[in-house]
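Q: model this:
(2 chains)
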Amino acid sequence: MSAELALLALLGAPFLQAALIIVLPKPPGLRDLIHIGFSLFAAVCAAYLVNAVAHGESARIVLARPLPNVDLAFAIDPLGAMMAAVLTGLGVLHAVHAAGVVRAKHEASPSRLLAFLALAMAGVCAVAFSANLFSFFVAYQALALAAFPLVAHRGDEEARPAARAFLATLLASSIGLFLPAMIWTYAIAGALDFQAGGVLAGRVDALTANVLLVLFVLGIAMAAIPPMHRWLPASSNGPFPALVTIQALAVLPAGGIGVLKVVTFVFGPAMAQAVIAAQALIVLVGAGMVVAALIALSRQDIRERLAYSCMAQSLGVVMGALLALQPGPFAPAGLFAAALQVVALACASATLLMAAGTTAAITTRTKVADYAGLGRVMPWTFAGFAIASASMIGMPPFAGAWAKLWLITAAAGSGLIWAAALASVAAILTFTHLGPLAANALAARAPTDAFKRPDGASILLAAPVILAAAATLSLLVLADPLAVFLSPIWTPGAP
Amino acid sequence: MSGALLDLVRMNAPLLMMVIPFGGAALMLLNGSARLAWFIACGAAVAASVVGIDFAARLLSGATPALAIVAPQIHVDGVGAFAGALIGLALVLAVAAIGASLKDAGVREAPVALALVLCGAGSWIGALMAGDLIALIVAVETGWLAAVGLVAVNAVRERAPLNGALRMLSIGSIGTALMLLGAAMIGRASGGLSLEALPLAHISMINLAGAGAALVVLGLAVKIGVAPLHAWAAATLGRGNAMVTFGVGVLGVLGAASVLCRFASYAITAPEIGAAISAALAGLGAVSVVVGSVQAVGARNLQRLAAYAGVSQVGCVLLSVALGSPAGFAAALIQLVGFAAAATAFYGGAAAGRVKSLAMLDGYGQRAPLASAAIATGALSLMGAPLTIGFLGRWRLVEAGVGAGWWWASVLVIVASLAGVFYGGRLIERMYFRRANAAYAGDGGVWRVALGPALIAAIVAIGIGFAPLVLLRAADVASGMLTGVAT
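A: Next up, the predicted model:
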């Protein structure tokens, strides 16, 4: 199998997956088998691409040329390959978990739900492998459209306005901010291709660079930067499998990947011209991290609490990426911190949301006050929940700790001590809204009232949670290889 | 023999593009059968379209086609050839789709209505080939009156459209008066009414000529339904059947917008009055984009929504033309193609299920998947979604605008696209994420007649979005022949 074929398969197979799931909704076993099998296939393709990148191979597929000098093209690079591997790997666990949830909760229209989960995963892979700004824009909009049915899935009076808010925020910001920035870039550079070192490097004055950075970063609303974050709490109305896809595996990570790609391949690390806007945006995301963590503390519904918690983590990705625009030797550290933060966010938030989904499916409980003592009844699920909470907080040796360590190092090394302080405060607030919750679930007395399913979670619901939790330990051994793997993105001259 | 006949047809292509629809209309009026009239209309439309496409292809491929000079009033240019072929194609799709609503017009009235559709298309093509201002105005007025007649004929069974016809007549008369006054002022100031001579004419009274050209533009803007001169549009299109929506909402608007592009291509290249025309077009375009977008967002009737979205789209066309550069005209031509494809897909998808209100769209995706796909594609193109022709047109406009330093035009295009997200997203949400609350009105095989053209238009809208190079080249070549070609 060539790298081009693997890339094409990774991007195209989910469409076949969705079609088969829609065409073959019964028996449920076959439907779930298709869903899990194709998810596994995507993970294998992504792993193959990681290997190809590690061996210096390149691959590029061009689907169309919709504008002069602009292709609808996808190409492999270290950042995209790593993200795709992490997200599709977790996607396998999520596929198993989603199959369990739709069975346990008797979810309405399960085939439609699973089909759009698959399409959303194709969307995030397309975002990760986009070869230029136009392809990124198309993939971004396709992902928003694929995720829209997930939010609207229940079709009730709560879901419809939420879905409209979701789509309106994502599309309006991309059209109103990102698109003008893209056109402006095209006008300046005459091309939209992602280039190591930045397509704008040496081509823009300070004013243009600052305005463009603001337009690009705020235009990528999937990164949940205030005030473009409204889609994230709105998405809390979706069913749990949809939440995992939106907040952990597809939409929110796509925002982080997008900001990383723009900073790395459009501006280039340490682009001094955009330093004012970068610092202003760091203030915004730093304050946003703190406020989001505070709002999470005030929310009693686990879905809303996790939504704001994930938002605080996602803003950490943006902060890391923006730190890369600060002049000095710590620019690569910012990029590395952002990349690690995406991985940590995906692992921890997927675990938390799957654990919450399992809990809701088994006990029908979604209020944090009702979580007390559940760990005694569902020990595996809440062991995973506790590990993922520790990772979100930034406790070693879990993934979040290394990401935060690099983030604070990059901030302090760039002379932005206040940014490091904001990241630290956000971590403390994350502890306050997740730590006691996890501890209470494990340590309090077991609830005495009857459960929907007193026999506990099935293997489909429990195993993915604990395996995803185990993945949060991965950075303990993979951080150094990842740094080597990703180094081409901050090394000029690399593909 | 056949080769000689083909050569004769090719030499007289501009004339035939006009005459064939009129001939078809005359034939239809000779028989009383609605179905036979429809077949004749289809034949005439296809013939005019083939002649037009062949002519445009030869002209825009770089060849200089030999043309018979049959009347001094005929003058061929790039915009005219391109838009003439486009109207021919749109006519084929419109006539085919109208077959679904022959019963709506009434068996006796249907041949008359079809004849009026053909007359309208022939007139707009005539205006695109007109050599002087008087011929242009006569052709425009013929097309406009045909559109008024079409609306009135369809008011036989339902009285509401009669209000639309009366509005068209009264407002259109003002437009005609403005055009005639403008032509007289141009003639007085420049010493002639020839379009070909206008860019090079020695204009003795610059202000008079500028005001005259602006009045012609204003008169044409009335016929297009550009905001704020579009009072007739909602009354006519909001209550009309498929004949009205296709005959007026697609062909009429497309024809009038094309003629405006063509007139502007001569007026704007005249150094003395170019700036005034550019300012007038830019102002009209900006208002049209904003007003059309806002009204589309607030619309509750599907056809009104489409009409207002069209107003916004035509505003983008005017902005492109206002740039006055070949890049701007190329962007305008691409947007005209985009408008034709999106409007045909939109109205066709609605006609297939006889959908009028937004509420009737609920669950349409399940009840009529193909028709709803056509509407969704039309909506996506109107909002300028990537990989649709709507995106291509707006991109070219923004590119041309940025090149000319017109950043505000780029902002307006973004505003139009943002509004498109709201009204287009609302349509898609209703079709695909709501349960049906209305019975599906498609009956038997008739609805498929409307669906075919809608699907073809939808495929064109997407196909060109993916592979636009042929269209881009054709538009570039056409905009390079702004003031005519040597014959």
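
Q: make it CA atoms for all contacts and neighbour counts henceforth
A: Will do.

Q: and the residue in chain B that chain A sits nearest to, how many neighbours?
A: Distances between chain B and chain A by C-alpha to the nearest C-alpha are smallest at B:F466, namely 5.0 Å. Around B:F466 there are 21 other residues, counting by other C-alpha atoms under 10 Å in any protein chain shown.

Q: now it: closest residue in space that isn't a chain neighbour?
A: In space, and not counting its chain neighbours, B:F466 is closest to A:P66: 5.0 Å by C-alpha to C-alpha, 6 or more residues apart in numbering or on different chains.

Q: for the chain, longest helix please?
A: Answering for chain A, as no chain was given. Identified as the longest helix of chain A according to DSSP state H is helix A:331-363.

Q: meant chain B actually
A: Longest helix in chain B, counting by DSSP H: helix B:160-190.

Q: now do the strands in chain A.
A: A:60-67, A:70-75 (DSSP state E).

Q: comparing these, which gets the lowest mean pLDDT score?
A: Least confident of the strands of chain A, judged by mean pLDDT, is strand A:60-67 with a mean of 89.

Q: need the residues that contact it.
A: A:4, A:7-8, A:71-76, A:131, B:387, B:392, B:464-469 (C-alpha atoms under 8 Å, 6 or more residues apart in numbering or on different chains).

Q: from those, which land in helices?
A: Per DSSP H, the contacts of strand A:60-67 map to helices at A:4, A:7-8, B:392, B:464-466, B:469.

Q: hmm, which of those residues are the buried ones?
A: A:4, A:7-8, B:392, B:464-466 (16 or more other C-alpha atoms under 10 Å in any protein chain shown).

Q: of these, which is the nearest to A:A423?
A: A:L7 (36.0 Å; C-alpha to C-alpha).

Q: show me where chain B dips below the pLDDT cut-off.
A: B:1, B:32, B:65-72, B:104-107, B:156-158, B:437-449, B:482-487 (pLDDT under 70).

Q: enumerate the residues of it near chain A.
A: For chain B, the residues in contact with chain A (C-alpha under 8 Å from any C-alpha of the partner chain) are B:386-387, B:392, B:395, B:398-399, B:402-403, B:410, B:414-415, B:417-418, B:421-422, B:425-426, B:433-434, B:464-469.

Q: drop anything exposed from those residues.
A: Counted by 16+ other C-alpha under 10 Å, the residues of chain B next to chain A give B:386-387, B:392, B:395, B:398-399, B:402, B:410, B:414-415, B:417-418, B:421-422, B:425-426, B:433-434, B:464-468 as buried.

Q: can you tell me which of the strands of chain A is nearest to A:L171?
A: Nearest to A:L171, of these and by C-alpha to C-alpha, is strand A:70-75 at 19.0 Å.

Q: so that closest one, near chain B or not?
A: No - with C-alpha under 8 Å from any C-alpha as the measure, strand A:70-75 is seen stopping short of chain B, the closest distance being 8.6 Å.

Q: so B:L195 versus A:A52, what's the distance?
A: 63 Å (C-alpha to C-alpha, to the nearest Å).

Q: which one of the two is surrounded by more residues?
A: B:L195 (24 against 20).

Q: pull the contacting residues for the closest residue to that one other than its chain neighbours.
A: By the measure of C-alpha to C-alpha, 6+ apart, the closest residue to B:L195 outside its immediate chain neighbours is B:D132, 5.0 Å from it. B:D132 is in contact with B:73, B:193-196, counting by C-alpha under 8 Å, 6+ apart.

Q: let's see it at 10 Å
A: B:72-75, B:183, B:192-198, B:263 (C-alpha atoms under 10 Å, 6 or more residues apart in numbering or on different chains).

Q: select only the buried ones of these in ChimeraX?
A: Buried residues within these, by 16+ other C-alpha under 10 Å, are selected in ChimeraX with:
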select /B:73,74,75,183,192,193,194,195,196,197,198,263
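
Q: in helices only, show me the contacts of B:D132.
A: Using DSSP H, the contacts of B:D132 in helices are B:183, B:263.

Q: make a markdown table from the contacts of B:D132 and add distance to B:N207 to it.
A: Output for the contacts of B:D132, formatted as a markdown table (distance: C-alpha to C-alpha, whole Å):
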| residue | distance to B:N207 |
| --- | --- |
| B:P72 | 28 |
| B:Q73 | 27 |
| B:I74 | 28 |
| B:H75 | 27 |
| B:A183 | 14 |
| B:G192 | 16 |
| B:L193 | 17 |
| B:S194 | 19 |
| B:L195 | 18 |
| B:E196 | 20 |
| B:A197 | 18 |
| B:L198 | 15 |
| B:F263 | 18 |
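
Q: between the contacts of B:D132, which is closest to A:K404?
A: B:F263 (63.8 Å).

Q: relative to B:M28, how far out is the closest residue in space to A:L284 that isn't next to it in sequence?
A: Nearest residue to A:L284, sequence neighbours excluded (C-alpha to C-alpha, 6+ apart): A:P226, at 7.4 Å. As judged by C-alpha to C-alpha, A:P226 and B:M28 stand 63 Å apart.

Q: and the two? which has more neighbours close in?
A: B:M28 (24 against 19).

Q: now the host helix or strand of B:L16, how far from the centre of its chain.
A: B:L16 belongs to helix B:13-30 when elements are defined using DSSP states H and E. Centroid separation between helix B:13-30 and its chain, computed with C-alpha atoms, centre = their mean, to the nearest Å, is 19 Å.

Q: what packs against it?
A: helix B:2-11, helix B:34-60, helix B:78-98, helix B:109-129 (3 or more C-alpha pairs under 10 Å, 6 or more residues apart in numbering or on different chains; DSSP states H and E).

Q: just want the most central residue of chain B.
A: Nearest to the mean C-alpha position of chain B, by C-alpha atoms, centre = their mean, lies B:L254 at 0.6 Å.
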